[in-house]
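> coords please:
(one chain, ligands or ions: 1)
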Amino acid sequence: MTSPARKVSLTGIKPTGEPHLGNLLGAIQPALRLTGQYDSMYFVADYHALTTVRDADELARSSRSVAAIWLAAGLDPERSVVYRQSDLPEVFELSWVLSCVAAKGLMNRAHAYKAARDLNQGLGRSDLDAGVNMGLYNYPVLMAADILIADADVVPVGRDQLQHVEIAADVAGSFNHAFGDRYRLKIPQAIVPEAVAASVPGLDGRKMSKSYDNAIPLLSEPAALRKLVRRIATDSTGVDEPKDPDTSVPFQLLELFAEPQLAADVRGRLAAGGMGWGQLKDALGDTLVEALTPIRTAYHDLMRPDSDLDAILADGRDRARERARPVLEGVRSAVGVAAKH
Ligand code: TRP
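The predicted structure follows:
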């Protein structure tokens, strides 16, 4: 965060659920590669999770856990700013100001809120807002505050979050329309980082996803990894018969995680009929254990109570607040609540 010439990218990570290999290759690594191009800020969106979580210990644990996972996966806290959303009071003050310029109708059209209403409708409920709290309704405003308080240029997100970033840009425009002669918020732009692989196949060959129950958790212990790998469905092609590597789930997974030389070797042996499914799965088990052990070890080190994690988050908080302060000062002064006006 030192070169003023570089643009700033910012992304929030909601601390829910245990990440799997699809998340690592499809979301975490692509987002981390952006540090080559942008000054990057990554934060744990713990107050966004509060729209659904009702267990304090779980929220606290999963917030630390998601930070530890990203750090273990290669997020460098020296080069990037890593912090917790709830550590930045500036976000919440801006959030109120933004809610006073955001059109209510815009929030009615936000996907998550609409999905909740559609669900109620499908269940035949007369109150379409049943079970909807104001946090869910205001979710896009808080997200806009996350982005705008950091004066971010770009926001890397998955496709499911594109609408939220568009809403943030829209809300920034509304603020600028009302107060732009005194202070202007930067209009952010969404980017969808390219994943290397189109998608990571799960144990049943469909896209790896928690909802399909076909995922390999990123933090699996070696024995559990090997056991999951043995569950992958394969056909009845005999050991000595040639096999098409590109339609084989174990091979596709191996190719994503193995050294290119090993993957090329295994490909040749499968095609030539020199390798059975059992051997392939053993090779995949070895490959995953080797690729994931450094991440899992670093993760468990960071999760220890005496680790550097809290110091990293405290340092990130200080750096993020430094960036947020002038934005909030500009906003306060523009709307007429600054000490000196
Ligand atoms: N809503 C995002 C998600 O569910 C997380 C998030 C919160 C976020 N604030 C953000 C992402 C700001 C990008 C920018 O994945």
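
> dihedrals phi and psi, the residue nearest to Asp87 when sequence neighbours are not counted?
Spatial nearest neighbour of Asp87, excluding adjacent residues (C-beta to C-beta, 6 or more residues apart in numbering): Arg317 at 4.1 Å. (Glycine included, C-beta is placed from N, CA and C.) Phi and psi for Arg317, reported as degrees, to the nearest 10, are phi -60, psi -50.

> is it true that Arg317 touches Tyr83?
Yes: if you go by C-beta atoms under 8 Å, Arg317 and Tyr83 touch, sitting 4.7 Å apart.

> what about Ser220, which SS state?
Using DSSP: H, G, I helix; E, B strand; the rest coil, the structure places Ser220 in coil.

> what's the neighbour count on it?
21 (other C-beta atoms under 10 Å).

> contacting residues for it?
228, 292, 296 (C-beta atoms under 8 Å, 6 or more residues apart in numbering).

> try it again with 10 Å
Counting by C-beta atoms under 10 Å, 6 or more residues apart in numbering, Ser220 touches 18, 20-21, 226-229, 288-289, 292, 296.

> try Gly180
Gly180 touches 172-174, 334, counting by C-beta under 10 Å, 6+ apart.

> hmm, back to that, near the ligand, which of the contacts of Ser220 show up?
Near the ligand, judged by C-beta under 6 Å from any ligand atom, there are no entries from the contacts of Ser220.

> TSV for these, including neighbour count, distance to Leu313 and secondary structure?
Converted to TSV, the contacts of Ser220 look like this (neighbours: other C-beta atoms under 10 Å; distance: C-beta to C-beta, whole Å; DSSP: H, G, I helix; E, B strand; the rest coil):
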residue	neighbour count	distance to Leu313	secondary structure
Glu18	15	20	coil
His20	21	24	strand
Leu21	23	26	helix
Arg226	17	34	helix
Lys227	12	34	helix
Leu228	18	32	helix
Val229	25	35	helix
Leu288	23	30	helix
Val289	18	30	helix
Leu292	22	24	helix
Arg296	18	21	helix
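
> mind putting those residues into CSV with pLDDT?
Output for those, formatted as CSV (pLDDT from 0 to 100):
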residue, pLDDT
Glu18, 88
His20, 96
Leu21, 97
Arg226, 97
Lys227, 97
Leu228, 97
Val229, 97
Leu288, 98
Val289, 98
Leu292, 98
Arg296, 98
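
> pass me the low-pLDDT residue ranges in the stretch 151-300 of the chain, would you?
The stretch 151-300 of the chain contains residues with pLDDT under 70 at 196-198.

> all strands of it, in order?
For the stretch 151-300 of the chain, applying DSSP state E, counting those that start in this stretch gives strands covering 154-156, 189-191.

> buried deepest among those strands, which one?
Neighbour counts averaged per stretch over these are highest for strand 154-156, at a mean of 22; criterion: mean count of other C-beta atoms under 10 Å.

> run through who's touching that one.
7-12, 27, 30-34, 37-38, 40, 42, 143, 146-147, 161-162, 164-165, 168-169, 188-193.

> quick check, it touching the ligand?
Yes: using C-beta under 6 Å from any ligand atom, strand 154-156 reaches the ligand at Val155.

> before we move on, what about stretch 317-330?
No: Stretch 317-330 does not reach the ligand (C-beta under 6 Å from any ligand atom); its nearest approach is 12.5 Å.

> so for that stretch, what gets flagged as buried?
Neighbour-count burial for stretch 317-330, counted by 16 or more other C-beta atoms under 10 Å, picks out 317, 319-321, 323-324, 327-328, 330.

> what residues does this structure have near the ligand?
So far as C-beta under 6 Å from any ligand atom goes, the chain lies against the ligand at 10-12, 14, 45, 48, 143, 146-147, 155, 157, 161, 164.

> can you give me the first-to-last residue distance of stretch 219-233?
Distance across stretch 219-233, first residue to last, is 22 Å (C-alpha to C-alpha, to the nearest Å).

> ditto for stretch 110-129
End-to-end for stretch 110-129, by C-alpha to C-alpha: 14 Å.

> what's the burial count for the nearest residue to Phe179 once chain neighbours are set aside?
The shortest distance from Phe179 to any non-neighbouring residue, by C-beta to C-beta, 6+ apart, is to Ala334 (4.0 Å). Per other C-beta under 10 Å, the neighbour tally for Ala334 reads 21.
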